[in-house]
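Engineer: need the 3D shape of this:
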Amino acid sequence: MLFRFIALFFPAAALLMCGKWVQAVLALLLQATLIGWLPATVWAFLVINSHHADKRTERLERAILANANTAKRKKR
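Structural biologist: Numbering: from 1, shown residues only. As a prediction, this is how the structure comes out:
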């Protein structure tokens, strides 16, 4: 929720928090104009959603691998 609040008012900062510094610089250039603020905000929301999806996928992969390793140990 905090990411989305930051993305709404400071899209470049939200992109920096996701580790996308080149995109943050470009978003900051967009934010410099009032017309560019809206596309920068939408862009930040899309990047944040993608960032959260990547984190979810990583957690699922770790859980699946941990489960597979536990199953292998039980077979022995």
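Engineer: which stretches of this structure form helices?
Structural biologist: Using DSSP state H, the helices of the chain run over 2-9, 11-17, 21-31, 34-75.
Engineer: run the chain-centre distance for the second one.
Structural biologist: Distance, stretch centre to chain centre, for helix 11-17: 10 Å (C-alpha atoms, centre = their mean, to the nearest Å).
Engineer: residues making contact with it?
Structural biologist: 3, 6-7, 21, 23-25, 27-28, 30-31, 37, 40-41, 43-44, 47-48 (C-beta atoms under 8 Å, 6 or more residues apart in numbering). Yep, even glycine has a C-beta here, placed from its N, CA and C like the rest.
Engineer: are any of these buried, and which?
Structural biologist: Neighbour counting with 16 or more other C-beta atoms under 10 Å marks 3, 6-7, 23-24, 27-28, 30-31, 40-41, 43-44, 47-48 as buried within those.
Engineer: state the pair within those that is farthest apart.
Structural biologist: The most widely separated members of these, counting by C-beta to C-beta, are Phe3 and Leu30 (18.4 Å).
Engineer: thank you kindly, that will do.
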